[in-house]
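Q: Need a 3D model of the following:
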Amino acid sequence: MGISLAKRKEYGFTIVELLIVVVVIGVLAAIVVVAYNGITQSARNASVQSAVKQTANLFNAYLAKNGSYPTVAQYTCLSGYNSSGQCRYWSDTYYDRNTDLENALQTIGKIPDFPRDLHPTYYGLTLRYGANLTYKSSPARYALSWKVQGEAQDCGPGSVRLSDTTWVDAPYHSTGTYTHCFVLIHDPGS
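A: Numbering: from 1, shown residues only. So this is what the prediction gives:
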């Protein structure tokens with residue numbers, strides 16, 4: 001019996017075929033990660049815009065019922081504060097929670113939760129009051145304010161920025177590595 005020198009068919013993959021599979025899987029994984037990040041960013045933005053709109057509606061309902069807003073300081077932390085009840089607004093500036101304002105608003109409804117993961121350093125939804133501020137020549141003293149990470153991020157519908165003492169329509173107010181967002185709420189003086 002002789003040994004057959006005929007070539008046997010071998011089964012398996014070559015190194016080139018394995019490398020091609022690894023590259024294809026890597027490309028697909030990268031596409032999935034980018035898509036996932038876009039979806040989570042969109043969901044976070046929708047959550048923020050919903051919280052801002054609900055808060056503005058709460059103030060408007062309070063105004064309709066009582067004819068004015070409760071007394072507020074220049075800056076007041078409304079939601080998304082830290083364990084000390086503060087919003088971090090600037091590098092070393094924190095604004096306190098105003099329980100009198102919260103209690104007054106809660107006679108109308110619940111102040112919505114505000115996500116704390118929009119920016120690693122600045123957090124919270126703040127009510128900004130400026131006695132001399134205007135929008136289109138009318139008093140516009142009340143604005144909701146928050147910050148998000150990244151330059152030129154869209155703050156959503158109705159967003160404005162401050163130019164001296166006048167609010168102007170703008171999709172964002174960019175300040176370097178973050179975007180400062182403002183949305184006006186109805187001013188009882190207008």
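Q: following the longest helix anywhere in the chain, which helix or strand comes up?
A: Using DSSP state H to define each element, the chain has its longest helix at helix 15-66. Following the chain from helix 15-66 toward its C-terminal end, the next helix or strand by DSSP states H and E is strand 75-79.
Q: Does anything pack onto that next one? Which helices or strands?
A: Strand 75-79 makes packing contacts with helix 15-66, strand 86-90, strand 93-96, helix 99-105, strand 125-129 when contacts are defined by 3 or more C-beta pairs under 8 Å, 6 or more residues apart in numbering; DSSP states H and E. In this view, the C-beta of every residue, glycine as well, is placed from N, C-alpha and C.
Q: Give me the neighbour count for the nearest residue to Phe114 once chain neighbours are set aside.
A: With C-beta to C-beta, 6 or more residues apart in numbering as the measure, Gly80 is the residue that lies nearest to Phe114, at 3.4 Å, once sequence neighbours are left out. Taking other C-beta atoms under 10 Å as the neighbour definition, Gly80 ends up with a count of 21.
Q: returning to what we had before: just give me how far the longest helix of the chain sits from the chain centre.
A: From the chain centre to the centre of helix 15-66 is a distance of 11 Å (C-alpha atoms, centre = their mean, to the nearest Å).
Q: same question, stretch 81-95
A: A distance of 16 Å separates the C-alpha centroid of stretch 81-95 from that of its chain, computed with C-alpha atoms, centre = their mean.
Q: my read: the residue nearest to Phe114 touches Ile111, true?
A: No - using C-beta atoms under 8 Å, Gly80 is not in contact with Ile111, being 10.1 Å away.
Q: what kind of secondary structure is Pro171 in?
A: Reducing the assignment to helix, strand or coil with DSSP: H, G, I helix; E, B strand; the rest coil, the entry for Pro171 is coil.
Q: What's the per-residue pLDDT of it here?
A: Among the per-residue scores, Pro171 holds a pLDDT of 82.
Q: list the contacts for the residue nearest to Phe114?
A: Applying C-beta atoms under 8 Å, 6 or more residues apart in numbering, we find Gly80 in contact with 87, 113-116, 123-125, 146.
Q: Just list what the lowest-mean-pLDDT helix or strand in the chain packs against, helices and strands only.
A: None of the helices or strands of the chain scores lower by mean pLDDT, DSSP states H and E than strand 173-174, at a mean of 72. In terms of contact count using 3+ C-beta pairs under 8 Å, 6+ apart, strand 173-174 is assigned the packing partners strand 159-163, strand 178-184.
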